[in-house]
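Q: Sequence plus predicted model, see below.
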Protein chains: 2
Amino acid sequence: MEEEKKLSSNKEDYLEVIFILEKKNGVARVKDISRLMKVKTSSVTSALNMLSKEGLVIHERYGYVKLTPEGERLALKVRKRHNILFRFLSEILNIDPEVAEKDACGMEHSVSPQTLEKITKFIEFVETCPEHTRPDWLRSFDYFFKTGRRPRCKIRKLKKDVLGGK
Amino acid sequence: MEEEKKLSSNKEDYLEVIFILEKKNGVARVKDISRLMKVKTSSVTSALNMLSKEGLVIHERYGYVKLTPEGERLALKVRKRHNILFRFLSEILNIDPEVAEKDACGMEHSVSPQTLEKITKFIEFVETCPEHTRPDWLRSFDYFFKTGRRPRCKIRKLKKDVLGGK
DNA sequence: TTACTTTTTTAGATATACCTAACAAATCAA
DNA sequence: TTGATTTGTTAGGTATATCTAAAAAAGTAA
């Protein structure tokens, strides 16, 4: 039942860029897909033929390219994985956005639902923290990463003084 | 300069399993590679021919399979990426080991050096923390993930009481 | 509308990565 | 040592994913 057919990374990438172009321009064009995918237009044509046969895109000869509902559903799934990974890398780990973007592109095809869920919750955990800023422990990590040293921990000192240490 | 030729994920996988088999048995055999890669032995033979031509493995007809120094160097790089990703997922995020293993296998081919470095340091940050246990903030996340709620924070309360809040 | 330009498709090639089926070599057992 | 079993290779086929070069369709401008 359901047997959700597993797409190749490549096809997921095509769906993703078609999705992005559709959002931007209403429909996608072979030329633009070609540019974003960094392949020749003839490669796009043959990819579209496959995706078309699989019912994921509508593509008439010399005409527009659009995702079918099923194609859009799959594109959104990939996009969501991408965004979560990107946000985790850039917002939590402070990876440079361009690097985070490339890494997210690489990982988005294979990350499991379970891991995605964890990471989603982790982002939420960090970004809805009571401090309403980057939490202390994460600032500590930033410092640790930069300097190799741990910052003096005020709260630990406080705790020790007040509670008589442990 | 250097021009480090980029291997396909597939070839990296072959190097990895050959590496693992070598560590276990001294040399790798086609049958065992086939089993670990979940492909037929004829596929292994043709993969080995390519890797051989690229100078990454030694493979005599009907004979043993061994990594060249260059092959071993590359295998180690992949292995290292795999291990860091696996540890991050299983030890920090508490992902089930089997799932973490699969995810690490998927991500190990594309993770950038910068991201790998961050994650490496993040693991170190967590595992060499002064508490010598899973740090409080991470236990808080475990709780948050399980229940959707944040645990009452003793230290924050303490801080507020003593310092007069903020 | 005709001519030029751009876009897209087709045809045909290459490379990877897998398969099955048949064959060959190596290993093991009687 | 010979015969059976296991292991490995070859031959030939499929599918994906790319390319170049040439042809066709669509768009643009005089």
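A: Yes, it's here. Residues are numbered from 1 along each chain as shown, chains lettered A, B, ... in the order given.
Q: Would you mind naming what in chain A lies close to DNA strand D?
A: Contact residues, chain A versus DNA strand D (CB under 7 Å from any atom of the strand): A:8-11, A:37-40, A:42-43, A:46-47, A:50, A:61-62. Placement of C-beta: from N, CA and C, glycine included.
Q: From residue A:111, how far out is the residue nearest the centre of chain A?
A: The centroid of chain A falls nearest to residue A:82 when counting by CA atoms, centre = their mean (1.5 Å). As judged by CB to CB, to the nearest Å, residue A:82 and residue A:111 stand 10 Å apart.
Q: before we move on, what about residue A:128?
A: For residue A:128, the distance to residue A:111 (CB to CB) stands at 22 Å.
Q: Name the residue in the two with the higher neighbour count.
A: Remark: of residue A:128 and residue A:111, residue A:111 carries more neighbours, 20 against 10, as counted by other CB atoms under 10 Å in any protein chain shown.
Q: May I ask you to confirm that the more buried one is in contact with residue B:104?
A: No - counting by CB atoms under 8 Å, residue B:104 is not a contact partner of residue A:111; they are 10.6 Å apart.
Q: all helices in chain A, in order from the N-terminus.
A: Using DSSP state H, the helices assigned to chain A run over residues A:9-25, A:30-37, A:41-53, A:69-87, A:97-107, A:113-127, A:136-147, A:154-163.
Q: any weak-confidence spans in chain A?
A: A:1-3, A:153-166 (pLDDT under 70).
Q: Quick check: closest non-adjacent residue to residue A:121.
A: Among residues not flanking residue A:121 along the chain, residue B:145 sits closest, at 5.0 Å (CB to CB, 6 or more residues apart in numbering or on different chains).
Q: Can you name the residues that contact the one you found?
A: By CB atoms under 8 Å, 6 or more residues apart in numbering or on different chains, the contact set of residue B:145 is A:118, A:121-122, A:125, B:94.
Q: Pick out whichever of these sits closest to residue B:150.
A: Of all those, residue A:125 has the smallest distance to residue B:150: 8.2 Å, by CB to CB.
Q: measure that closest one to residue B:119 for me?
A: 18 Å.
Q: for residue A:5, same thing?
A: Distance of residue A:5 to residue B:119, computed by CB to CB: 32 Å.
Q: Which one of those two is surrounded by more residues?
A: When residue A:5 and residue B:119 are compared on other CB under 10 Å, the one with more neighbours turns out to be residue B:119, at 21 against 7.
Q: pretty sure that one contacts residue A:94?
A: No - taking contacts as CB under 8 Å, residue B:119 lies outside contact range of residue A:94: 11.8 Å.
Q: how about residue A:70, what does it touch?
A: By CB under 8 Å, 6+ apart, the residues touching residue A:70 are A:55-56.
Q: how close does it get to residue A:78?
A: For residue A:70, the distance to residue A:78 equals 13 Å [CB to CB].
Q: What about residue A:127, how many residues nearby?
A: Residue A:127 sits with 13 neighbouring residues when counted by other CB under 10 Å.
Q: Now do stretch A:48-67: distance from first to last residue.
A: From the first residue to the last, stretch A:48-67 extends over 11 Å; the measure is CA to CA, to the nearest Å.
Q: Check which residues of it are buried.
A: Buried positions in stretch A:48-67, judged by neighbour count with 16 or more other CB atoms under 10 Å in any protein chain shown: A:48, A:51-52, A:56-59, A:65-67.
Q: How about stretch A:67-76?
A: By 16+ other CB under 10 Å, the buried positions in stretch A:67-76 come out as A:67, A:71-72, A:74-75.
Q: Can you pick out the most distant pair from those?
A: Using CB to CB, the buried residues of stretch A:67-76 reach their maximum pairwise distance at A:67 and A:74, which is 8.4 Å.
Q: and for those two, which residues touch both?
A: Common contacts of residue A:67 and residue A:74 (CB under 8 Å, 6+ apart): A:15, A:56.
Q: which ones are touching the nearest residue to residue A:142 once chain neighbours are set aside?
A: Spatially, and ignoring its direct neighbours in sequence, residue A:142 is nearest to residue A:94 (6.4 Å; CB to CB, 6+ apart). Neighbouring residues of residue A:94 by CB under 8 Å, 6+ apart: A:142, A:145, B:118.
Q: Relative to residue A:62, how far out is residue A:121?
A: Relative to residue A:62, residue A:121 is positioned 47 Å away (CB to CB).
Q: The nearest residue to residue A:56 once chain neighbours are set aside and DNA strand D, how far apart?
A: In space, and not counting its chain neighbours, residue A:56 is closest to residue A:71: 3.5 Å by CB to CB, 6+ apart. Residue A:71 sits 14 Å away from DNA strand D, going by CB to the nearest atom of the strand, to the nearest Å.
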